[in-house]
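Engineer: Pasting the sequence and the predicted coordinates here, then a few questions.
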Amino acid sequence: MRILWIGGSHPRHLYYANRLNEAFGLAGAIIEWRENILPEPPEYLSATDRNNWIRHFTNRQNKETAYFDVQHPPQCDTLTVNHERLNSPESVGFVKQIRPDLVLVFGCGMIRDPLASEVPHAVNMHLGLSPRYRGAATLFWPFYFLEPQWAGVTFHYIVSEPDAGQIIHQVRPKLYRDDTIHDIGCRAVLAATEAALQLVECSGIWRTWKQKATGKNFLASDFKAQHLRMIYNVYQDDIVRAYLDGELPGREPKLREQRTNLNRARLFRSNNDG
């Protein structure tokens, strides 16, 4: 199977690409060079909001280093682009050269025409449980709204609307009392990556679910430094502990899962490993 990966350049993105490459050997990768993982705080912030900003993004960088180590682009045919060139004729030409059977996406900008027409059945690994959390920063917003149990990952087909395609599989990390917001974010990627390896094994026989319920499509511009006050000033990044101790009641998400097919994939891999 010829697999093309399209994604971002941060450690969590490249970890996913490298695990796929180790397991299956990627035919090619399109890497969008992303913004600095440690962005500068806006000048207009108060001292409190500035400190929260620095704390939040420094902690993210440190956790990603701890969970994913140093990651380099996968050893395969690679096209590196910026945001403006992601959906360019150059990317289209690269896809035609690779001739993929399966396209997996994680961490790049929206795939639009002309690239979208070349990858009509691409599968996105979205860091958020769709349809409740779609769009940007969708592992942050469950913490802001005090429902960390809704921090998870959705595999879905790409369509013209953000994170709205048919769902293939969903996964969320186990919660532990000492988890911070960034522990959950990193372990969500780890859990989803392992699920992706199994999904590839059983590709072609996936069950899918149409997204019927409405949720919130968060924009990057929705996030403001002041939202971090809920995480750090009100709850001291202790929201998971508060939820597990019953201080933040809320319903559990109903995940869409390829249970039968993933069990087949585990059996397949176990038999071949043996």
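Structural biologist: Cool, the structure landed.
Engineer: For residue 32, name its beta-bridge partners.
Structural biologist: Beta bridges link residue 32 to residue 8, residue 81, judged by DSSP bridges.
Engineer: gap between it and residue 136?
Structural biologist: As judged by Cβ to Cβ, to the nearest Å, residue 32 and residue 136 stand 15 Å apart. Backbone N, C-alpha and C define where each C-beta goes, glycine included.
Engineer: same deal with residue 107?
Structural biologist: Relative to residue 136, residue 107 is positioned 12 Å away (Cβ to Cβ).
Engineer: returning to that earlier point: who has more neighbours, residue 32 and residue 136?
Structural biologist: Between residue 32 and residue 136, counting by other Cβ atoms under 10 Å, residue 32 is the more crowded of the two (21 against 18).
Engineer: In this structure the more buried one contacts residue 106, no?
Structural biologist: No. With contact defined as Cβ atoms under 8 Å, residue 32 does not reach residue 106; the gap is 10.6 Å.
Engineer: which residues are common contacts for those two?
Structural biologist: By Cβ atoms under 8 Å, 6 or more residues apart in numbering, residue 32 and residue 106 have these common neighbours: 6, 7, 8.
Engineer: Which residues are in contact with the last one?
Structural biologist: Yep, that's residue 8 we're talking about. 31, 32, 34, 106, 107, 108.
Engineer: Recalculate using a threshold of 10 Å.
Structural biologist: 14, 16-17, 31-35, 105-109 (Cβ atoms under 10 Å, 6 or more residues apart in numbering).
Engineer: just the first one next, same as before
Structural biologist: Listed by Cβ under 10 Å, 6+ apart, the contact set of residue 6 reads 17, 28-32, 79, 81, 86, 91, 94-95, 100, 103-109, 111, 115, 119, 122, 124, 158.
Engineer: how close does it sit to residue 230?
Structural biologist: 33 Å.
Engineer: any chance of the contacts of residue 8 in CSV, with secondary structure too?
Structural biologist: Below are the contacts of residue 8 laid out as CSV (DSSP: H, G, I helix; E, B strand; the rest coil):
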residue, secondary structure
14, helix
16, helix
17, helix
31, strand
32, strand
33, coil
34, coil
35, coil
105, strand
106, strand
107, coil
108, coil
109, coil
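Engineer: Averaged over its residues, which helix or strand of the chain has the lowest pLDDT?
Structural biologist: Across the helices and strands of the chain, mean pLDDT, DSSP states H and E gives its lowest value to helix 259-273, namely a mean of 58.
Engineer: Need the contact partners of stretch 222-235.
Structural biologist: Contacts to stretch 222-235, defined as Cβ under 10 Å, 6+ apart, come from residues 41-42, 44-46, 48-53, 55-57, 59, 135-137, 140-141, 143-146, 180-181, 216, 237-239, 241-242, 247-248.
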